[in-house]
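Visitor: Could you look at this predicted model? Sequence included:
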Amino acid sequence: MQNKGFVKVFALLLALVCTFYLSFSFMTRQYNQRAAEYANGDTSKESFYLDSLATKKVWLGYTLKQCREMEVTLGLDLKGGMNVILELNVPDVLRSLANYNQDPNFNKALELAYVRQASSNKDYIELFAEEYRKLDPQARLAGIFSTFELKERISSQSTDAQVISVIREETKSAIDNSFNVLRTRIDQFGVVSPNIQRLETTGRILVELPGVKEPERVRKLLQGSANLEFWETYELTGLYEQLVTADAALAKLLNVDEPAADSTAVAPTVSADTTLTAESKTSEADSLLAQLGEDAVSPQESASAEEFQKEHPLFSKLQLNADNSGRIVPGPVVGYALKTSMAAITEYLNMPQIKSVLPRNVAFKWSVKPSEVDEQFYELYAIKVTNRDGRPALGGEVVTGAVADFSQQQIGRAEQQVSMTMNAEGSKAWARLTKDNIGNCVAIVLDDKVYSAPRVNDEITGGRSQITGHFSAQEAKDLANVLNSGKMAASVNIVQEDVIGPSLGQEAINAGLISFILALVILMIYMCVIYGLIPGLIVDGALLLNIFFVMGVMASIKSVLTLPGIAGVVLALGMAVDANVLVYERTKEELRAGKGLAKALSDGYKNAFSAIFDSNVTTIITGIVLFIFGTGPIRGFATTMIIGLVASFLTAVFLTRIVYEALLAKDKLKNITFTTSLSKNFLLNPKIPFLSMRKTGYLIPAVIILLGIISMNVVGLNNGIDFTGGRNYIVRFDRDVRTDEVRAALTGQLEGSVGVITISTQNQVRISTNYRIDDNDPSVDQDIEARLYRGLTDFLPAGTSLEQFTENHIKSSQKVGPSMAEDIRNSAVWAIIFAMFCMAFYILAQFRDVAFSVGVFVSVLATTLCIIAFYTLLWKLLPFSMEVDQTFVAAILTVIGYSINDTVVVFDRIRETIKTYPKRERRQVVNDALNSTLARTFNTSFSTFIVVLCIFLLGGATIRSFTFAILLGIVIGTYSTLFVATPIAYEIQKWKIGKAAQGTLKTARS
């Protein structure tokens, strides 16, 4: 074997990398177990324990927070949580860019483009331009979009192409701004390992939040408006006295049944030598702080921590903003608090009795991120409300642009800053605001969170100003994006949503692990039974190493492990066996030819290589198509399958060979025949006349497809909401229920179509409805949950409240909007067509014979149509869901890749035989190829079938339809290789040979 040293070094380095990344998962698991033991079932205590250690270095110099980010991440279907696809309202963006122009043709074009978008592959902006030209061919878009805000980019002389280019840039900017706003909100939400990414589709953003248990809160968080505001602020030195009074008043309120605390007590952060640093403060304030300081006593000296918390409930949670010497730091920052204390502090400060002792126009807002000193503490700002209606001093709608750049300092050092511009109205208001607040701070607030509060040095005129604050390059860019986000008046709608409860996620983990372990054990035993103990154990070791490599690579690229992903790993293992089966079957042939064991193994690996390589490449092509066209769990399946196939190629082709060569060198292999008493004579030299049966072989799939066409017109397919749009709810009851009774109970509550089917057990159903699916109002989900509750009250335990129903009985929910459903449906069709042509072109490129390419294409088409036919014939008969959705399409694509494995092996043997015996009659060549590879075909198909059957039976209801389609595909794909693909290739080759013979005969006669 060539390059043996390189393979060993590469495998060793890969093993070290995998070990490194997988070690983080084991480390975080230990800390999660400690947190669970500490909390004893209290989730808030568990979160507090983990948060308190977040910045502590726990493994190889990495903090616990970093370790948790590098562990193998479980998908929503395993961990529970929420998956949302948001769509930016592009028509709203165009209206905003046009300054809400009331031109009737403009608004009509927006409406028509929105309608056309549901059935067109063009983007919305292109459709809008077409519709506008249809309504008024003489009009120019510049007349609509040459607004004051865009005057520097669009003039009255700009062409439509130039205007469309600017619109596209502004739309992309709006998406980028929305992405930044959403990312900040999600970070604030406190989810571990969130995922937010832009999708290829214009205006769509994917958000995955593992472990989320409050979907309604998330919906409000994601769909809230990006509200940019500029506020005047208070100085802490001017509020200190009132805060001390508020703390004492709060102590009396919270301890009404106990002796009142001394009202002269003071916050522990202000020491005895506290002094004011603001020159504008009076000596009266100085003397007051001094007096308070004299009375101050540390809690360690005067009382226990519990007593101190009773005496100072506010200051026990809020650490006042003071320096190391105890002096108050001037500025609007009141103090610092842990994230876990923020809600309680906010509640305290909003109590009427506390507000009464504070200035009437003071409001408190938290910083958007923790302070730089310690990443666990957030800053509390004191905001001054100067308008009677409670509005800010200046709104973000006046900002027309912001950019991150550099300012040149006097000492020659460049510093990051954010430069912003405002419209004419904003310039005047900004000048007034800065003039009135020279020496004070102005807080920049987005969505009620303070991003910065720079101090004003001079009046700023002209609407141009710079914000500095020792920003990093990324911080300056983010702040510029925040400022820009305030100018876009575009709503964000949820077009697809999946919510999975934690209990359902745990069940999925259990089901996935059981099916995975059982499938692995069966594979290992099967290889030992068929090929002997030592060859079987070598393959088993390669399979275990394959799993190790797959998990390690997934951890290194931060891929998410989903339930379909586990199915992808198991399926990749089944396909990995194929490579070893090919090698072993070829080795058996070489042994029967009289070669020695070492030579037989060498030739077995050599002769099987091309078939292994081609079959892996075709399946990887399928995985790439899946990854491109799929979303969420489908991408997870594709990722694990691709990684698994690459890993199997390394382990099966190279590492097992190194093991055999090492054993042969030490003379450890004796009397190895790669057979057992059970498999010794199995399919030995079969003589089945496959080509003689080809007409019957064509007829069977033709009949199945014909029956499917009839059923499609009579019954149709059971289309899931991925293709139709709608909502799914999985509801679990405390007793068995009948689907017809549940459907009848909901008919009066939910208008439109209502479907109810049993999921897994008789006490769990999935309810499907298209009620109000076109309505983007955030309150719709609450309305539907309330209607479900009213309709299902008779099936619930007596006294169950709406809150208990949504938390305990609704295990998961899913929403797909009409526009998203249309896109998914179109993508599915194109994915299948694209995959078929990819397979055909690859075979053509490899075998350089159109006969093989046509045979593959017809075989794949027949397999696909047969599976669809079985789904339309059986979905009303079988006791599990047979929906046609994204997972069904993933199964079809998987089958396409898998079925070609068989075909490639047969075609490779035909090609090899033709090269060796070019004059042999083609019918004999094809029949011999089919018979000589029949043992491999059976062993691979049977082992993969058993593996997928384990997943089908034990993997859970969510992937049962997916695995059933693959089971059908294994059987039909194997049949198609034997009776469709190869016979068709033979027919074409026979025709070509006959035509060539006729041409030769004519030439000879002439």
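Guide: The structure has been received and is ready for your questions. Numbers count the residues shown, from 1 in each chain.
Visitor: residue ranges with poor pLDDT in the stretch 501-650 of the chain?
Guide: 501-509, 563, 630-633 (pLDDT under 70).
Visitor: Let me see the ranges of the helices in it.
Guide: Assigned by DSSP state H, counting those that start in this stretch, the helices in the stretch 501-650 of the chain fall at 502-531, 533-556, 563-592, 597-629, 633-649.
Visitor: Select, out of those helices, the one closest to residue 346.
Guide: Of all these, helix 502-531 sits nearest to residue 346, with 27.5 Å by CB to CB. For glycine as for every other residue, the C-beta is placed from the backbone atoms N, C-alpha and C.
Visitor: re earlier: and of the helices of the stretch 501-650 of the chain, who's closest to residue 682?
Guide: Between those, helix 502-531 lies closest to residue 682; by CB to CB that is 8.2 Å.
Visitor: Tell me what angle that closest one forms with helix 563-592.
Guide: 0 degrees (axes from the mean of the first three to the mean of the last three CA atoms, to 10 degrees).
Visitor: show me what contacts residue 46?
Guide: Going by CB atoms under 8 Å, 6 or more residues apart in numbering, residue 46 touches 35, 36, 38, 39.
Visitor: can you list those residues in a markdown table and add distance to residue 459?
Guide: Shown next, in a markdown table, are the contacts of residue 46 (distance: CB to CB, whole Å):
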| residue | distance to residue 459 |
| --- | --- |
| 35 | 53 |
| 36 | 58 |
| 38 | 55 |
| 39 | 54 |
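Visitor: coming back round to it: now the helices of the stretch 501-650 of the chain as JSON lines including mean neighbour count?
Guide: Shown next, in JSON lines, are the helices of the stretch 501-650 of the chain (neighbours: other CB atoms under 10 Å):
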{"stretch": "helix 502-531", "mean neighbour count": "19"}
{"stretch": "helix 533-556", "mean neighbour count": "20"}
{"stretch": "helix 563-592", "mean neighbour count": "25"}
{"stretch": "helix 597-629", "mean neighbour count": "20"}
{"stretch": "helix 633-649", "mean neighbour count": "25"}
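Visitor: of all these, which lies closest to residue 788?
Guide: helix 502-531 (16.8 Å).
Visitor: backbone phi and psi for residue 684, please?
Guide: Backbone geometry at residue 684, expressed as degrees, to the nearest 10, gives phi -90, psi 120.
Visitor: What distance do you get for it to residue 930?
Guide: 15 Å (CB to CB, to the nearest Å).
Visitor: Those two: who's more crowded?
Guide: Taking other CB atoms under 10 Å, residue 684 and residue 930 do not tie; residue 930 has more neighbours (24 against 11).
Visitor: Quick check, the more buried one in contact with residue 974.
Guide: No. Residue 930 is not in contact with residue 974 according to CB atoms under 8 Å; the separation is 11.7 Å.
Visitor: can you map out the helices along the stretch 1-150 of the chain?
Guide: 4-39, 43-52, 64-70, 76-79, 90-97, 104-117, 124-135, 142-145.
Visitor: Put the alpha carbons of the fifth one into PDB.
Guide: This file holds the C-alpha atoms of helix 90-97, laid out as PDB (Å, rounded to 0.1, in the frame of the first residue of the first chain):
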ATOM      1  CA  VAL A  90     -39.800  43.900   1.700                       C
ATOM      2  CA  PRO A  91     -42.900  45.900   0.600                       C
ATOM      3  CA  ASP A  92     -42.600  47.900   3.800                       C
ATOM      4  CA  VAL A  93     -38.900  48.600   3.100                       C
ATOM      5  CA  LEU A  94     -39.800  50.000  -0.400                       C
ATOM      6  CA  ARG A  95     -42.600  52.100   1.100                       C
ATOM      7  CA  SER A  96     -40.100  53.500   3.600                       C
ATOM      8  CA  LEU A  97     -37.500  54.200   0.900                       C
END
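Visitor: If you count contacts, what does it end up packed against?
Guide: The criterion is 3 or more CB pairs under 8 Å, 6 or more residues apart in numbering; DSSP states H and E, and the helices and strands that helix 90-97 contacts are helix 104-117, helix 124-135, helix 160-189.
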